[in-house]
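1. build the 3D model from these lines:
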Amino acid sequence: MYNLESIVRRLEEQRHRITPPRLAVARAVLDRSGHFSVDDILNQVPEVGRATVFRTTKLLSEMGILCRVLLEDGSLRYRLSHRQDHHHHLVCVSCTSVQELDACIDPEVLDDLARSTGYQIEGHWLEFYGRCDTCRSSEA
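-> Okay, the predicted model is just below:
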């Protein structure tokens, strides 16, 4: 899992500046449990400009420190990533809990899609929606 020192080290390794506002956003992200919105971070660090929060959140996401989660209602959330590699999520439509998946789309499927559509596939983002065990148990 990440801590402030590991995030600073990753930023330095990739030659990003370590500024007080960027550190404030990193601290706010580390203080969050579960998923959160950019607005949640903005409320947590009102002294940091909106553009800086958006840029820092995007940067941490691109670095694999945060992962984006699209909830069923279409709202975009972020959470600390437990994995640095590409992955997908299971999202509970009842409690909005999020679970990271080990599985990914077979590269052959992506190749077939590229061939059949004429697209050069540069990436993908996939969420699965359903009900977690806890929510299903409480409904019974």
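
2. now the helix or strand containing Asp112: mean pLDDT?
-> In the assignment (DSSP states H and E), Asp112 maps to helix 107-117. Averaging pLDDT along helix 107-117 yields 91.

3. name the next helix or strand following that helix along the chain.
-> As assigned by DSSP H and E, the chain's next helix or strand after helix 107-117 is strand 127-130.

4. show me what that following strand is packed against.
-> Using 3 or more CB pairs under 8 Å, 6 or more residues apart in numbering; DSSP states H and E, the elements in contact with strand 127-130 are strand 88-92. (C-beta placed from N, C-alpha, C; glycine too.)

5. list the contacts for Gln120?
-> Ala114 (CB atoms under 8 Å, 6 or more residues apart in numbering).

6. any weak-confidence spans in this protein?
-> 83-84, 140 (pLDDT under 70).

7. domain map for it?
-> As given by automatic domain parsing, the domain ranges for the chain are 1-82, 85-140.

8. tell me the buried residues in the helix holding Asp112?
-> Of the residues in helix 107-117, none count as buried by neighbour count, 16 or more other CB atoms under 10 Å.

9. list of residues touching it?
-> Tyr119, Gln120, Ile121, His124.

10. just to revisit the earlier point, deepest of the domains of the chain, which one?
-> Ranked by mean neighbour count, these are led by domain 1-82 with a mean of 15 (mean count of other CB atoms under 10 Å).

11. how far does that domain sit from its chain's centre?
-> Between the centre of domain 1-82 and the centre of its host chain there is 9 Å, according to CA atoms, centre = their mean, to the nearest Å.

12. all the helices of the protein, in order from the start?
-> 4-13, 20-31, 38-44, 50-62, 107-117, 133-139 (DSSP state H).

13. of those helices, which is nearest Gly74?
-> Across those, Gly74 has its closest neighbour in helix 38-44 (14.8 Å, CB to CB).
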